[in-house]
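Student: Pasting the sequence and the predicted coordinates here, then a few questions.
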2 protein chains.
Amino acid sequence: MKPVKVGICGLGTVGGGTFNVLQRNAVEIARRAGRDIEVAQIAARHLNPACSLGATPVTDDVFEVVNNPEIDIVIELIGGYGVAREVVLQAIANGKHVVTANKALIAVHGNEIFAAASEKGVMVAFEASVAGGIPIIKAVREGLAANQIDWVAGIINGTGNFILTEMRDKGRTFDDVLAEAQALGYAEADPTFDVEGIDAAHKLTILASIAFGIPLQFDKAYTEGISKLTTADVRYAEAFGYRIKHLGIARRTSDGVELRVHPTLIPADRLIANVNGVMNAVMVNGDAVGSTLYYGAGAGAEATASSIVADIIDVVRTLTTDPNNRVPHLAFQAHSLSDLPVLPMGEVETAYYLRIQAKDRPGVLAKVASILSERGINIESILQKEAEEQDGLVPIIIMTHRVLEQKMNDAIDALEALDDIAGPLMRIRVEQLN
Amino acid sequence: MKPVKVGICGLGTVGGGTFNVLQRNAVEIARRAGRDIEVAQIAARHLNPACSLGATPVTDDVFEVVNNPEIDIVIELIGGYGVAREVVLQAIANGKHVVTANKALIAVHGNEIFAAASEKGVMVAFEASVAGGIPIIKAVREGLAANQIDWVAGIINGTGNFILTEMRDKGRTFDDVLAEAQALGYAEADPTFDVEGIDAAHKLTILASIAFGIPLQFDKAYTEGISKLTTADVRYAEAFGYRIKHLGIARRTSDGVELRVHPTLIPADRLIANVNGVMNAVMVNGDAVGSTLYYGAGAGAEATASSIVADIIDVVRTLTTDPNNRVPHLAFQAHSLSDLPVLPMGEVETAYYLRIQAKDRPGVLAKVASILSERGINIESILQKEAEEQDGLVPIIIMTHRVLEQKMNDAIDALEALDDIAGPLMRIRVEQLN
């Protein structure tokens, strides 16, 4: 059979990794796919010193690749929503299949892109957009297709997990570790996307859609970062037998879908609590299979390339399939997506860790307990420390049972209005993940 | 589109679970697959009280299902090599696709079965044959298809892992925990398949074939069980920072493929070292993706059914595909399987834990050290305990660097021949898995 021809748009870290994996493992890949995969053209503004391109044609115009009649599959590795969106839509309009690693593009413009692809009978594959090299899209969309999926919870941002791991293992502060992560190249100069949970929310939006069969709804995701976490919170969590991880959590309830990224206390003996450094892991719970977990590198040139090339092979394998018989983009047939709403955060039910800085006066604990109990919030355990030397404040740590977020918000407002409490309190959500 | 009709052969634990998942999640499954899946006939010697079969026709003759012209896909859940092999081959001969959970059948007769299936252009799917509900076949065969896979290492027998977990957590003996596992129904009355590693070797044989593109060669797998492990070994391993797991390990070297199941010391901080109880986990290391891990329930009615039904959906999706364009049974095109040999155990290189019971005489340690050093075996660390009260013997624990197994066998023969050593020594292989 004649080779399948792919065009790579973007030759940065991931583009370079993809080119190199396709070259180095060409024989292995052809032994699996049954056909050679040939890079027919590359669009790049700069050459990548990690790649020996040989005779591969290079252009600085991505649309040359997109409009190249020789090319069967366009690999979009530009990033962002601007040119990337045009490239993908034009490739689809030209009847080409698309492989992309662009989580922001899929999370924000995926519905439009998949509709266009279905119209033209082409595939848009996006395994590399979530959790780098971990084949999590395939696991959820195909491997667990027998299940009603109940929830998904993942460590899906390596930078954030590196920071939390260092804070716990070495007692370092958030700012200190972030500065190191930036120096090491793990974190961008503007770390907002990583540490404020936006990157994780992009990935979670995609996971929720393929798990529950709902359209992509990034704008409805709740996002809270890790920049306010202190080493004291990490220590107190430990004392209660928990670790703090920055999780993306999507859960189906009878009322709707929870879609939330926030720091989370999880029991220290859960496997996912032991996923450290820049590594990613995703738990998926289905009604038949129970809890499963998928672990690996969430970023990096070749780990991401591993998923991109797997997608290329998948596309190659289905080139002769009836388009109506392929794995649907969002796991469920487009006409049978569900209109289950995404719940506002106030309607989410979870347990809580609260850290209150109280003034050292008699009766404070009684006031705190009564504010909680008036709102139906049950305390599971409580830890009151001695007054800290510098400020004379007494940290009170409370773990609650599960309660609606809106009740907790109301309680927090009432607690912060107390004269006996100094400053805002710290609230971290708690999940058992069992 | 008209429903796809499946026939279930065997209505035991897994057969019952499969029927129930297909009924309960029928809507969810059809939303994914794009077609209804209908159980057209069941062959069972006994009804399963967990199933409400309704109007589903039942026969006690499996060949009625296999020869039923209405049925598109035969689900073989009989087990064993006898009737199961005939059922699968006859189904293939009749032009039907097959889904099976039968690891023994695939490991021992898979080459013959896949050749017959390719000849007839039908698929034989076997996700459920390895690690129950974990979609590990799909991950290796498709999700990591870009990689040259370097090694696979898995906890792929839940009974064995339950026993080892109890031995470590509670200091119980092997015999004690085995008796409990049998009472709980985790272990068979004849536990040989589980605790001697035969079941794990079946699964490892399958994993190695799809990872490296070699024919199935169960007869060449090295198998060693966990029945000789003592609580003392578990404690000493812990003191060195290791845990003992019963691993199936397949590794590709330039000389051939290692294929071995044995107790293994692994560093306690590895994620897989923290997989406890009856749970399974498989690590896969590829040249592009690095190390990945897949975790979940390795057995049980519905966890196994999760994989069987996912296979059914996969088969449904490829019903209209050109047979030459499907995912090959053993991941690589049948004509491009490799003849890389399976290495005899003597040619495997690994590190070792040795526990020697020495008589309390001067100079023993020097003799031991010199036997090892004469054979080029380097000691990494050593722990000599005080003489034990009962027998006056001194336990000497040695961790070695990596060395060829045949050199270690030779050293062990020489050590056991020493007058100063009591009884056979304990040897456990050590892997870093990084």
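Tutor: Right, received. Where do you want to start?
Student: burial count for the residue of the stretch 301-434 of chain A found nearest chain B?
Tutor: Closest to chain B within the stretch 301-434 of chain A is residue A:309: 3.3 Å, counting by C-beta to the nearest C-beta. (Glycine included, C-beta is placed from N, CA and C.) Residues contacting residue A:309 under the criterion other C-beta atoms under 10 Å in any protein chain shown number 29.
Student: So it sits against residue A:21, correct?
Tutor: Yes: between residue A:309 and residue A:21 there is a contact at 5.5 Å, judged by C-beta atoms under 8 Å.
Student: any shared contact partners between those two?
Tutor: The contact sets of residue A:309 and residue A:21 overlap at B:146, B:288 (C-beta atoms under 8 Å, 6 or more residues apart in numbering or on different chains).
Student: before we move on, the earlier item: on the three-state scheme, the residue of the stretch 301-434 of chain A closest to chain B is what?
Tutor: helix (DSSP: H, G, I helix; E, B strand; the rest coil).
Student: residue contacts, it?
Tutor: Residue A:309 neighbours (C-beta under 8 Å, 6+ apart): A:18, A:21, A:22, A:25, A:29, A:37, B:145, B:146, B:288.
Student: Columns neighbour count and secondary structure on top of those, output as CSV?
Tutor: Converted to CSV, the contacts of residue A:309 look like this (neighbours: other C-beta atoms under 10 Å in any protein chain shown; DSSP: H, G, I helix; E, B strand; the rest coil):
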residue, neighbour count, secondary structure
A:18, 33, helix
A:21, 27, helix
A:22, 21, helix
A:25, 23, coil
A:29, 24, helix
A:37, 23, strand
B:145, 28, coil
B:146, 29, coil
B:288, 28, coil
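Student: can I get these in CSV with pLDDT and distance to residue A:248?
Tutor: Below are the contacts of residue A:309 laid out as CSV (pLDDT from 0 to 100; distance: C-beta to C-beta, whole Å):
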residue, pLDDT, distance to residue A:248
A:18, 98, 25
A:21, 98, 27
A:22, 98, 30
A:25, 98, 31
A:29, 96, 31
A:37, 97, 32
B:145, 98, 26
B:146, 98, 25
B:288, 98, 25
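Student: List the backbone torsions phi and psi for residue A:396.
Tutor: Per-residue torsions, residue A:396: phi -110, psi 120 (degrees, to the nearest 10).
Student: Quick check: residue A:146 touching residue B:21?
Tutor: Yes: Residue A:146 lies in contact with residue B:21 (C-beta under 8 Å); the separation is 5.5 Å.
Student: Could you tell me which residues touch both of the two?
Tutor: By C-beta under 8 Å, 6+ apart, residue A:146 and residue B:21 have these common neighbours: A:288, B:305, B:306, B:309.
Student: Just give the nearest non-adjacent residue to residue A:317, would you?
Tutor: Of all residues not flanking residue A:317 in the chain, residue B:325 sits nearest, at 5.5 Å (C-beta to C-beta, 6 or more residues apart in numbering or on different chains).
Student: Oh, that last question was meant for residue A:210, not what I typed.
Tutor: Nearest to residue A:210 is residue A:331, by C-beta to C-beta, 6+ apart, at 4.1 Å.
Student: what about that neighbour, helix or strand, and which?
Tutor: Using DSSP states H and E, residue A:331 sits in no helix or strand.
Student: Please state the backbone phi and psi of it?
Tutor: phi 80, psi -30.
Student: give me the number of residues near residue A:119?
Tutor: Neighbours of residue A:119 (other C-beta under 10 Å): 10.
Student: Equivalent analysis for residue A:379, please.
Tutor: When neighbours are counted by other C-beta under 10 Å, residue A:379 registers 14.
Student: could you list every residue that touches it?
Tutor: With C-beta under 8 Å, 6+ apart, residue A:379 has these contacts: A:369, A:372, A:398, A:399, A:400, A:401.
Student: hmm, 6 Å instead?
Tutor: A:398, A:400 (C-beta atoms under 6 Å, 6 or more residues apart in numbering or on different chains).
Student: does the residue in chain A sticking out farthest from the centre count as helix, strand or coil?
Tutor: Computed with C-alpha atoms, centre = their mean, the residue of chain A farthest from its C-alpha average is residue A:362, at 45.0 Å. Following three-state DSSP, we place residue A:362 in the coil state.
Student: So for it, what pLDDT did the model give?
Tutor: We have a pLDDT of 86 for residue A:362.
Student: same thing with residue A:389?
Tutor: Reported pLDDT for residue A:389: 68.
Student: likewise the one 5 residues further on?
Tutor: At residue A:394, the pLDDT value in this model is 92.
Student: any idea how far it lies from residue A:368?
Tutor: Here residue A:394 is placed at a distance of 11 Å from residue A:368 (C-beta to C-beta, to the nearest Å).
Student: more crowded one of these two?
Tutor: residue A:368 (24 against 20).
Student: SS state for that one?
Tutor: helix.
Student: For the stretch 1-150 of chain A, list the residues in contact with chain B, please.
Tutor: Contact residues (C-beta under 6 Å from any C-beta of the partner chain) of the stretch 1-150 of chain A with chain B: A:21, A:25, A:28, A:31-32, A:34, A:133, A:135, A:138-139, A:143, A:145-148.
Student: Next one: the residue of the stretch 301-434 of chain A closest to chain B from residue A:371, what distance?
Tutor: 56 Å.
Student: do residue A:386 as well
Tutor: Separation of residue A:386 from residue A:371 (C-beta to C-beta): 23 Å.
Student: who has more neighbours, the two?
Tutor: Shown here are residue A:386 and residue A:371; by other C-beta under 10 Å, residue A:371 has more neighbours (18 against 8).
Student: Please tell me I have it right and that one contacts residue A:416.
Tutor: No: distance between residue A:371 and residue A:416: 10.2 Å, which falls outside the contact criterion (C-beta atoms under 6 Å).
Student: Let me know how buried residue A:178 is, in neighbour terms.
Tutor: 23.
Student: Just the element for it, please.
Tutor: Using DSSP H and E, residue A:178 falls in helix A:174-184.
Student: Dump whichever helix or strand comes after that helix to PDB, restricted to CA.
Tutor: Sequence-wise, the next helix or strand downstream of helix A:174-184 (DSSP H and E) is helix A:192-195. In PDB, the C-alpha atoms belonging to helix A:192-195 read as follows (Å, rounded to 0.1, in the frame of the first residue of the first chain):
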ATOM      1  CA  THR A 192      -1.400  31.700  35.300                       C
ATOM      2  CA  PHE A 193      -2.600  28.900  33.000                       C
ATOM      3  CA  ASP A 194      -0.900  26.300  35.000                       C
ATOM      4  CA  VAL A 195      -1.200  27.400  38.600                       C
END
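Student: in the following helix or strand past helix A:192-195, what counts as buried?
Tutor: Per DSSP H and E, the first helix or strand lying C-terminal to helix A:192-195 is helix A:198-212. Residues A:198-212 are the ones in helix A:198-212 that count as buried (16 or more other C-beta atoms under 10 Å in any protein chain shown).
Student: Kindly report the same for stretch A:96-115.
Tutor: Result for stretch A:96-115 [16+ other C-beta under 10 Å]: buried residues A:96-111, A:113-114.
Student: now, which of these lie within strands?
Tutor: A:97, A:98, A:99, A:100 (DSSP state E).
Student: could I get the residues you listed as TSV with pLDDT?
Tutor: Listed next are these as TSV, based on pLDDT from 0 to 100:
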residue	pLDDT
A:97	98
A:98	98
A:99	98
A:100	98
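Student: wait, which of the contacts of residue A:309 is closest to residue B:261?
Tutor: Nearest to residue B:261 among these: residue B:145, at 25.6 Å, using C-beta to C-beta.
Student: domain parsing for chain A?
Tutor: Domains of chain A are assigned by automatic domain parsing as A:4-134+A:301-336, A:136-297, A:349-430.
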